[in-house]
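Trainee: Just a sequence and a predicted model for now, questions to come.
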Amino acid sequence: MSVAGTAATVSAADIPLTTEEKSLLARGFHITARGDSAERIFCRREVAVGSHIASDEVCGTVRQLKERTQQTQEDLRAGYASSSTPSAAARHVPRAQSGTDRELCSRGAPEAAIASCTRIIQDPRTREAERAIALRNRGWLLQAAGDLDRAIDDYSAALKLGGAPGVNARTYVNRGSAYASKGDEVRARADYDEAVTLDSTLSSAYLNRAALSAKGSQYDSALKDLDVAVRLSPKEATAYIERGIIYLRRAAWDRAIAEFSTAISVDPQSATAWRQRGVAYRLAGDAAKASADAEQAIRLDPQMAEAHQDLALVKQASGDPVRAAAEFAKAKELSAHDAKMLLARGDAYFASGARDQAIAAYGDALAIDAGLEAAHINRGVAYMGRRDWDRAVADFTAAITVNPNSQLAYLDRGQSLEATGDRRGALADFDQVIRLEPGSIEALDHRAFLRHASGDFEGAAADYGRVIALVPDDARARRGRGYAELAAKHYDAAISDLTDAIKLNPQDALAYRFRSQAYAGRHDGLRAAKDDETWQTLSKQRP
């Protein structure tokens, strides 16, 4: 009598490991469950021809992986084995040494890796896809070594050879960062834009583009990109830190503290996050928390000169001159030959109101690295605070020499030239800022003022109009355009703009004065007299 039942199934987990399977595990493979099967599936990530960017997951049974290895060896023999009688054209071309060069190009020490990548690139038998990967790797190595021009050339050559959108997106990010390091912000931004177009999920593209925007004081644009980066990589501290720094620059201490606190919750070992939160607490007036955060940053990174500097400033303000002196000395010791740390020291002095000490620190930084654009710009701003316009102009000019596309340097130089009465030079600088960044509200506002002062009332009205299009509730821009229309004797347009300005800011005495004059131009004496009276009343109330 037979009994109906269910046949027993044998899974891979029930079978002891064979010698070949144990060998695969020793080589970095792991067993992956792929449904019920008597054969185990082994997988591991393998770098494709030594790429720092591209890798593939290789999976298969023992038999399949053995066949794949045999096929790869045949391919290598066909593609890389040295010929006993090379042609005349190829006789002096380095030959890639198959697996060795591929491995070194990916994981070797920099000098050896560059040499191996070069042999792969120059070998005429290398496939295009393999050459592209070697070019990307060599570009990355050259960039790390500071050879930016050659790195850019390699990235460009790799992009011409094509590749998957995601891989090309990362290559654009790398090339963009190389351009940014050279000060070519226009090309850097174009590369980050292209990276985002190719891969809208690549957080590094948004982070790098945000850094460019923040450097140019385009904080709204930077925050938009950082918001995307946070959504894509919520467990990465960098975007929170960068958002916090922008809020610091906007004097929004509470929001900055919140961002740095989030960064710390994500990465408690981030000395930068602790240090920056300490800065925010110090600027917000909470010396105890500022001191605690600076000390935590130092515990995590004892070599962080900026944290010692911050702690010194807190102790100095708290009446502890002995500890302050010790921390200042430590900061100086750590940053004696580091231009960027000296720049950070200058920024800390400047933020605390110690303008002369900031200027000295920027000078020390420039003595080490005369091409440090930010040090020239920041020292120039400090000179502006002292109304030392000639020195300010000299520093901004030096920054422009380092980076001909520096929007900040042109903007600040324009303001300094404006202060000296050089309207033509100032206008030229504001024109350049607007060419580089058509939405620069500061440059449009300054240019509008100078155009009005030069008698170009239509040009002034047009610039104020562009500001209003960007910020519709800007009362000053409404008043400025109204004043320009008044000067051009366009009384109705002037009254319309000045009325809007008054609605946005009822305490704007000048708006009433200008509207009074516009009403007078229309021979409306009653309204003109009423606005004139309001102007005089508000003017007396001003301190």
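Mentor: Nice, I can see it.

Trainee: CA only for contacts and neighbour counts going forward, please
Mentor: Noted.

Trainee: Distance-wise, check residue 220 relative to residue 228.
Mentor: Between residue 220 and residue 228 the distance is 13 Å, computed by C-alpha to C-alpha, to the nearest Å.

Trainee: With neighbour numbers in mind, choose between those two.
Mentor: For residue 220 versus residue 228, neighbours defined as other C-alpha atoms under 10 Å are more numerous around residue 228 (18 against 13).

Trainee: Quick check: phi and psi at the more buried one.
Mentor: phi -70, psi -40 (degrees, to the nearest 10).

Trainee: residues in contact with the residue lying closest to it once chain neighbours are set aside?
Mentor: Nearest residue to residue 228, sequence neighbours excluded (C-alpha to C-alpha, 6 or more residues apart in numbering): residue 206, at 7.1 Å. The neighbours of residue 206, taking C-alpha atoms under 8 Å, 6 or more residues apart in numbering as the test, are 192, 196, 225, 226, 228, 229.

Trainee: Pipe those residues into a markdown table and attach secondary structure and pLDDT per row.
Mentor: Below are the contacts of residue 206 laid out as a markdown table (DSSP: H, G, I helix; E, B strand; the rest coil; pLDDT from 0 to 100):
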| residue | secondary structure | pLDDT |
| --- | --- | --- |
| 192 | helix | 95 |
| 196 | helix | 95 |
| 225 | helix | 95 |
| 226 | helix | 95 |
| 228 | helix | 95 |
| 229 | helix | 93 |
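
Trainee: What about the residues you listed, which one has the most neighbours?
Mentor: Neighbour counts for those (other C-alpha under 10 Å) peak at residue 192, which has 28 neighbours.

Trainee: Surely residue 126 forms part of a helix?
Mentor: No. Secondary structure of residue 126 (DSSP: H, G, I helix; E, B strand; the rest coil): coil, not part of a helix.

Trainee: neighbours around it, how many?
Mentor: Here the count is done by other C-alpha under 10 Å, and residue 126 has 18 residues near it.

Trainee: tell me which residues in the helix or strand where residue 195 lies are buried?
Mentor: Under the criterion of DSSP states H and E, residue 195 resides in helix 185-198. Buried residues in helix 185-198, counted by 16 or more other C-alpha atoms under 10 Å: 185, 186, 187, 188, 189, 191, 192, 193, 194, 195, 196, 198.

Trainee: Hmm, residue 209 is touching residue 192, no?
Mentor: Yes. Counting by C-alpha atoms under 8 Å, residue 209 does reach residue 192; the two are 6.0 Å apart.

Trainee: in stretch 307-323, what counts as buried?
Mentor: Under 16+ other C-alpha under 10 Å, the buried positions of stretch 307-323 are 307, 308, 309, 310, 311, 312, 313, 314, 315, 316, 323.

Trainee: Out of these, which is nearest to residue 268?
Mentor: Proximity of the buried residues of stretch 307-323 to residue 268 (C-alpha to C-alpha) peaks at residue 307, which lies at 16.1 Å.

Trainee: so what pLDDT did the closest one get?
Mentor: Note on residue 307: pLDDT of 92.

Trainee: how far out from the middle of the chain is the helix or strand hosting it?
Mentor: Applying DSSP H and E as the criterion places residue 307 in helix 305-317. Per C-alpha atoms, centre = their mean, to the nearest Å, the displacement of helix 305-317 from the mean C-alpha position of its chain is 26 Å.

Trainee: contacting residues around that helix?
Mentor: Residues contacting helix 305-317 (C-alpha under 8 Å, 6+ apart): 275, 278-279, 282, 287, 290-291, 294-295, 297-298, 321, 323-328, 330-332, 334-335, 341, 344-345, 348.

Trainee: Of those residues, grab the buried ones for PyMOL.
Mentor: Entered in PyMOL, the line below selects the buried ones among the contacts of helix 305-317, by 16+ other C-alpha under 10 Å:
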select buried, resi 275+278+279+282+287+290+291+294+295+297+298+323+324+325+327+328+330+331+332+334+335+341+344+345+348
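
Trainee: Give me the subset of the contacts of helix 305-317 lying in strands.
Mentor: If you go by DSSP state E, the contacts of helix 305-317 have nothing in strands.

Trainee: So which of the contacts of helix 305-317 are in helices?
Mentor: Judged by DSSP state H, helices contain the following of the contacts of helix 305-317: 275, 278-279, 282, 287, 290-291, 294-295, 297-298, 321, 323-328, 330-332, 334-335, 341, 344-345, 348.

Trainee: Quick check: chain neighbours aside, which residue is closest to residue 303?
Mentor: Using C-alpha to C-alpha, 6+ apart and skipping the chain neighbours, the partner closest in space to residue 303 is residue 334 (6.6 Å).

Trainee: Verify the contact between that neighbour and residue 302 for me.
Mentor: No. Residue 334 lies out of contact with residue 302 (C-alpha under 8 Å); the separation is 9.6 Å.

Trainee: just the contacts of residue 206 now: which is nearest residue 524?
Mentor: residue 225 (51.2 Å).

Trainee: Pretty sure that closest one sits against residue 209.
Mentor: Yes. Under the criterion of C-alpha under 8 Å, residue 225 makes contact with residue 209 at 7.2 Å.

Trainee: With respect to residue 424, which of the contacts of residue 206 is nearest?
Mentor: For the contacts of residue 206, the residue nearest residue 424 by C-alpha to C-alpha is residue 192; the value is 34.8 Å.

Trainee: how much space between the closest one and residue 435?
Mentor: 20 Å.

Trainee: Kindly report the same for residue 373.
Mentor: For residue 373, the distance to residue 435 - C-alpha to C-alpha - is 20 Å.

Trainee: For the two, indicate the residue with more neighbours.
Mentor: residue 373 (21 against 13).

Trainee: Excluding sequence neighbours, find me the nearest residue to that one.
Mentor: Spatial nearest neighbour of residue 373, excluding adjacent residues (C-alpha to C-alpha, 6+ apart): residue 399 at 4.9 Å.
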